[in-house]
Structure formats: C-alpha cells, structure tokens
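Colleague: predicted coordinates and the sequence they were generated for:
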Amino acid sequence: MPQFRKRYYRRCADLRRDLGSLRRERKEIKAIREGTVIDRAFQERLMLAVTEVNGCRYCAYAHARMALSAGLDQADIDALSKGSFEGAPPEEVPALLYAQHWAETDAQPDPEARQRVVDTYGQSKTEAIELTLRMIRLGNLLGNTSDYVLHRLSFGRWGGGA
C-alpha cells in the first residue's frame, strides 16, 4: 500500500485537544473573523500558506475562493499555493514565513522564530496570527484525516485501490 504522506489526526485525543483549545478562544475567533485584528486578505494569505504545507485539498479549494472574496487576485493565490509569497504585501511576509515554519514544525515553532514575529507585530497581533494558524490547522488535519480514511479504504484490507 502506498504511504499516506499528509499530516492528519492519528489520535482522537489530539483532535479533542485542538477543538477544546479553539472552543476556549471563541471571543478571539469572532474578532478575527470580523477582521478587526487582522484583515481578511491577510487571514486568507496565512491560511493558504499553512494549507500549502499541510496539503489539504478541501481547504485549498475553499480558501482560494475565500481569498478571491477578500480581494486577493488569482496570481496571489497561485503563488501561495506553490509556497511563494510573490505579490504579498512586504509587511506580511514575516508572518507568512512564520506560518510556513509553524506548519512545517507541526505547530511547534522555534522560540526564536516566534520572538521575531512578536518583535515585528507585537504580542497581541502575534496571538491573532497564531490563532488563525490553529484554526486552519484544525481544518487541514480534519480534511487530511478524511482523505486518510479514504486512502485506507482504497488500499487497505478492503480493496486494492484503483
């Protein structure tokens, strides 16, 4: 059976932990979704950066559409889907690089990398950025977990796959 290479929820406890963490931050999530802390275009760039690393096809599609609605053009979305920040506002690039690093390290960023983000954006905005990253991570891992189940059904003991 071919190996499934995307990050996904391997244990229900990990999913419960992530859901519980986001549930405790409902007010902060509402402020982010309203665009009062970081604007919608910036949010979508962050989400697309994390999604590119995690490879969730469902989130890639959904957030490409949301990014268009938030004012990004197709060239920006195409660049982000390839891991490039060409076309992104220069003031957002440090956060986008951090988002990539954050996703690549499975939400365990290097403390020095995080401190550079705090130094650039301040503590409050950094916390909003990280909450945005945690929200998309949950979606990415749920989508990839669904794909993992499909992968197992296709190539596992129930069949040989096509």
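Modeller: Structure received.

Colleague: what is the end-to-end distance of stretch 75-93?
Modeller: By C-alpha to C-alpha, to the nearest Å, the extent of stretch 75-93 from end to end equals 16 Å.

Colleague: er, stretch 73-86 actually
Modeller: Here the two ends of stretch 73-86 are set 12 Å apart, with distance taken as C-alpha to C-alpha.

Colleague: equivalent analysis for stretch 25-45, please.
Modeller: End to end - C-alpha to C-alpha - stretch 25-45 spans 21 Å.

Colleague: same check, this time on stretch 28-40
Modeller: With C-alpha to C-alpha as the measure, the ends of stretch 28-40 fall 15 Å from one another.

Colleague: now that stretch: buried residues?
Modeller: Applying a neighbour-count criterion of 16 or more other C-beta atoms under 10 Å, one finds 29, 32, 37, 38, 40 buried in stretch 28-40. Every residue, glycine included, has its C-beta placed from N, CA and C.

Colleague: what are the buried residues along the lengthiest helix in the chain?
Modeller: Secondary structure of the chain read by DSSP state H shows that its longest helix is helix 123-155. Of the residues in helix 123-155, those buried by neighbour count under the rule 16+ other C-beta under 10 Å are 125-145, 147-148, 151, 155.

Colleague: could you do stretch 75-82 as well?
Modeller: So for stretch 75-82, counting by 16+ other C-beta under 10 Å, buried means 76, 77, 79, 80, 81.
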